[in-house]
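[1] just need the structure, nothing else, for what follows:
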Amino acid sequence: MGSSLKSRVKILALTLIFGLSSVLLLSACEKDQTDETVVNSSTTSTTETTTVETTVPTEPGLSTRLPIEDMTDERYADLSNEPMSWWYRVPEPLYEGVRAGIDDDIAALISKYDGIWQRPAGKKQVYITMDEGYEMEGATPLILDTAKEKDFKIHFFITAGYIEDESELVQRMVDEGHIVCNHSVWHKNGPKCLEEEGVAGYIEEINGANETFRNLTGEDFAPFFRPPEGGYSERALAVARDLGYYDVFWSFAYRDWVADEQPDPDEAMDKIMGQLHDGSVLLLHANSRTNAQILGELVDRIRAEGYTIGSLLDELDEIEGRTSSAAGDSEPQPGEIETPETPVVTTAETVAETETQPPETTAEVEDSSYEESPAEEVPQEDSSSDDALSSGTYVVKENDTLWDIATNLYPSEDPIDMMTAIAAANGEDSYEEMYIFEGEPIQLP
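    As a prediction, this is how the structure comes out:
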């Protein structure tokens, strides 16, 4: 009898425990289902109305365009993953507010996926963006102090590692109202990541950084993503856009990220102000001592020229204005944002600049320097090329770039190959690490 009673008590206790566990599990499932419904609300709306929409974040935050489970390798298989590196044409003449330029096909591709590299002219605004993967000698606190003193906001693009290592600084960015944005987990090149790890790997590279940021701050990143190394492809642009991000490139950058090769402050100021233009997206690195030193004066001079410091977050309505309803009843294609009613547009300013004057062409990329030949060759009667080739030595001229030298001296050869060969002839491992100075000789291969 006693044994039977004990058995019944055990059975009753197990039943109560099982029942309570079921209630808790059901509650958790309902919460997950509710959260999922909230996250995918814009996607549900898209399916029902055949309209491609991204809800404007309020705090700021993200609104995914597609459920993650729909973002498969097969979905993006028809989009090119040919790797490209960001570059732009340096405006010329300097100090006249001329806007930077890019080729029309690149402008069309970036516009197709709502990418940002230079905002439309007319507002007299510039946008300060700063990339951050590690802290160096207290540069970021000084930058934040300056921003607070001068009352302007910075777009900080930060990696997951930076969030983990510098949590107090990241929280300060948020508390002081800066626009904190995604720069990935491991700073992987987008096309390379897609090639090696597939769409799922690239999604994790982007979403993983946002998760780290949310764990610290309780917020999502602002909906802006800066591709590491300036590397991109159409597939990479589409995946980031479907995750709710706008890829943000730039129309000014300079070599400021090398710790032991910091630019001279006066030269840095001269370079930035010389290329300043309406709608400019400035890429600076927050781990730069030089940038920390000159930032206050830089902002004063920008404002003295009649510009204001803008926020991309305040312009989401305009940025998203290029997105229209998709025709027909089909669901949006990977990253699709264009319709017959909304053709791809390249700015008149960019086209005009390319056609009216051959700008100095310098590609500025986050972790390397790329160069492209001018849009139009200017005939020059100069026998120095033949002399240089015969002597094996070339004396650098005013405004020469390594690309200019390679294309002028070796017009039938691949410029990248020849820049690499020139660098090797001068004891450099890479042309990206080679500096040239007016009046100084360099060895030719």
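[2] what's the neighbour count on the nearest residue to Phe224 once chain neighbours are set aside?
    Taking CB to CB, 6 or more residues apart in numbering as the measure, Phe224 lies nearest to Cys181, with 4.1 Å between them; neighbours along the chain are not counted. Bear in mind the C-beta positions are built from the backbone N, C-alpha and C, glycine included. The number of residues packed near Cys181 is 27, by other CB atoms under 10 Å.
[3] now do the SS call for Cys181.
    Here Cys181 takes the strand state, with states given by DSSP: H, G, I helix; E, B strand; the rest coil.
[4] isn't it right next to His155, touching?
    Yes - with contact defined as CB atoms under 8 Å, Cys181 reaches His155; the gap is 5.7 Å.
[5] name the residues contacting each of the two.
    Residues touching both Cys181 and His155 (CB atoms under 8 Å, 6 or more residues apart in numbering): Thr129, Ala222, Phe224, Val248.
[6] can you name the two of the residues you listed that are farthest apart?
    Maximum pairwise distance among these (CB to CB): 11.1 Å, between Thr129 and Ala222.
[7] hey, what's in contact with both of the two?
    Each of His155, Cys181 lies in contact with both Thr129 and Ala222 under the rule CB under 8 Å, 6+ apart.
[8] helices or strands up against the helix or strand harbouring Ala406?
    If you go by DSSP states H and E, Ala406 is part of helix 402-409. In terms of contacts (3 or more CB pairs under 8 Å, 6 or more residues apart in numbering; DSSP states H and E), helix 402-409 is packed against helix 384-391, helix 415-425.
[9] for those helices, which one sits closest to Glu204?
    With CB to CB as the measure, helix 415-425 is the member of the helices and strands packed on helix 402-409 nearest Glu204 (31.4 Å).
[10] pull out the buried positions in whatever helix or strand comes next after the closest one.
    Downstream of helix 415-425, the next assigned helix or strand under DSSP H and E is strand 441-443. With burial defined by 16 or more other CB atoms under 10 Å, the residues of strand 441-443 counted as buried are Ile442.
[11] who touches strand 441-443?
    So strand 441-443 is in contact with Gly392, Thr393, Tyr394, Val395, Val396, Ile405, Ile422, Ala425, Asn426, Ile436, going by CB under 8 Å, 6+ apart.
[12] the residue nearest to Val239 when sequence neighbours are not counted: what's it in contact with?
    Leaving aside its chain neighbours, Val239 sits nearest to Tyr202 (5.5 Å; criterion: CB to CB, 6+ apart). Going by CB under 8 Å, 6+ apart, Tyr202 touches Gly190, Cys193, Leu194, Ala236, Val239.
[13] can you tell me the SS state at the fourth one?
    Three-state call for Ala236 (three-state DSSP): helix.
[14] that one: what's it in contact with?
    Listed by CB under 8 Å, 6+ apart, the contact partners of Ala236 are Asn81, Gly190, Pro191, Leu194, Tyr202, Pro227, Asp247.
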